[in-house]
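>>> Sharing a model prediction with you, sequence too.
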Amino acid sequence: MEQKLFGTLTGGSPVWEFVLENQNFRVEVITYGGILKRYQAFGMDTVTGFDTLEGYLRDDTYQGALVGRVANRIKNGHFVLDGKGYQLALNSGEGRVHLHGGFMGFSRKNWEVVNILDNAVTLRTVSQDGDQHYPGTLTCDVTYSLGPDGLTIDYRAETDAPTPVNLTNHAYFNLDGCKGDSILDYVLWLGANRYSAVDEDVIPCDDPRVDGTIFDFRTPHTIGKYMEGFAGYDHNYFLDASIPSHANGMDIPLVATMENDKLKLSVYTDQPCIQLYIGNFLDRNNPTRGGIKQAPHTTVCLEAQILPDSVNRGKGILRPGEIYRQTTVYGFTKK
Ligand code: GAL
C-alpha cells in the first residue's frame, strides 16, 4: 500500500493519501473528509475530485466525502430523543435544514488512520459528545477495500449515549472519464418500487409508488428520458426491488446499475435506501481534476443510507452496546 503526504492543514496536521491498486482498479483515499479522491476502473476515472487539498477545503459539494453523523436532511435541524430536544446547526435550505452532519460534519474532519493492509485502509473519527450539537461520543470506523469487483466501503460505529446515525459516501460518478460530459444518456436501473415525495425543505413527506412517474427506473432507461422541464433527480428511493447478489466475496443485494458504452457501475448495499442526485447544485468556480468546470448533470451520486430524517420518525438511533454497520460496493465492469 502506497502512502504519501497529500497536504497540511492550518495548524500543521498532515493529510495522508493512500493508494489501493489491483489489476483493474486504482483507488486514492485521503484522511481529510475520509475522501474517495480518485477511483479508476480499467484505466478510466470514474469519480470527480481535486488534485489539491485547497480544492477540497473550498468544496462545499461533498466531493467523494464520508458524510455523517447524519447524512441528508433533518427537518428544522431538530429532533427529540428519549424525551429531550436537540437543536442542530441549520446549514442548508436558507437556514431551515440541517444537512450532511452540519458545518463541521465528518466530511470536514481529518480522520485518523487505524489499520493499513495490502488492499484496505481503515480510517476513524471520534465525534465527541456535543459535536455539532449531537448527543453522545460516536466512534466511527470506515474501511475502504479493493476486491476483484471494485471498491467496498464498510462503516462501523459505536456510541456511549443514544444518537442518530446515518453514514454514507458522497462520490460523484461519471462514466466518460470525468471530463465534464453529460450523464443524461447513461442507462440507469434502480431496484425501487417507491421513492420519497418531499416537502418545501426537501424532507420526505410521503412514499408514493414509482409506477407511471418519472421516478420509475425499474426498467432501465436513460437518466434524461423524462427530464424535460425537470430540474433533476435529487430523491430518496426505497430499495425494495433489489436483486440478491454476490460481490467482492460477499452476499450483498444489487440495488442499482448505471452504464454507458464504456463502463457499467453496479451498486450493492445492505442499506434500505439510496439518494439519487445528479449534481444539480455543483460549483463551477471550483474546477475539479484537470480544470473541469462542474456543470449540473455531469455526475451522478448514488448515496446508500437509511431514510432521510429518520430521527424524526423515531428511527436510525444507535444506542450504547449496539453496533452500527453499513456496507456498500461500487463495482465496475468494462463494456
Ligand atoms: C446531496 C443532496 C443534495 C445536495 C448535495 C450536496 O446528498 O441530496 O440536495 O445537498 O448532497 O450539494
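Thanks, I have the structure now.
>>> Could you measure from the residue of the stretch 101-250 of the chain at minimum distance from the ligand over to Pro308?
Of the residues in the stretch 101-250 of the chain, the one nearest the ligand is Asp234, at a distance of 4.6 Å by C-beta to the nearest ligand atom. Yep, even glycine has a C-beta here, placed from its N, CA and C like the rest. For Asp234, the distance to Pro308 equals 11 Å [C-beta to C-beta, to the nearest Å].
>>> Overlap of the contact sets of these two?
By C-beta atoms under 8 Å, 6 or more residues apart in numbering, Asp234 and Pro308 have these common neighbours: Gln275.
>>> So if I had to pick from those two, which one is more boxed in?
Pro308 (26 against 15; other C-beta atoms under 10 Å).
>>> Isn't Leu188 up against Lys225?
No: using C-beta atoms under 8 Å as the test, Leu188 is too far from Lys225 to be in contact (9.4 Å).
>>> Compare neighbour counts for the two and give me the winner.
Leu188 (22 against 13).
>>> who's in contact with the more buried one?
217, 220-223, 256-258, 276, 300.
>>> Would you show me how to pick out the buried ones of these in ChimeraX?
The buried residues among those can be selected in ChimeraX (16 or more other C-beta atoms under 10 Å) with this line:
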select :217,223,256,257,258,276,300
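>>> Redo the contacts of Leu188 as TSV? Include secondary structure.
Formatted as TSV, the contacts of Leu188 follow (DSSP: H, G, I helix; E, B strand; the rest coil):
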residue	secondary structure
Phe217	coil
Pro220	coil
His221	strand
Thr222	strand
Ile223	coil
Ala256	strand
Thr257	strand
Met258	strand
Leu276	strand
Val300	strand
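>>> quick revisit: so in terms of bridging, what pairs with the residue of the stretch 101-250 of the chain closest to the ligand?
Tyr277 (DSSP bridges).
>>> and it, how far is that from Gly316?
20 Å.
>>> what does Lys84 give?
The spacing between Lys84 and Gly316, counted by C-beta to C-beta, is 17 Å.
>>> burial count for the residue of the stretch 1-150 of the chain found nearest the ligand?
Relative to the ligand, the nearest point of the stretch 1-150 of the chain is Thr61 (4.5 Å; C-beta to the nearest ligand atom). By other C-beta under 10 Å, the residues close to Thr61 number 20.
>>> Nearest residue to Arg319 in space, please, no chain neighbours.
Pro162 (4.9 Å; C-beta to C-beta, 6 or more residues apart in numbering).
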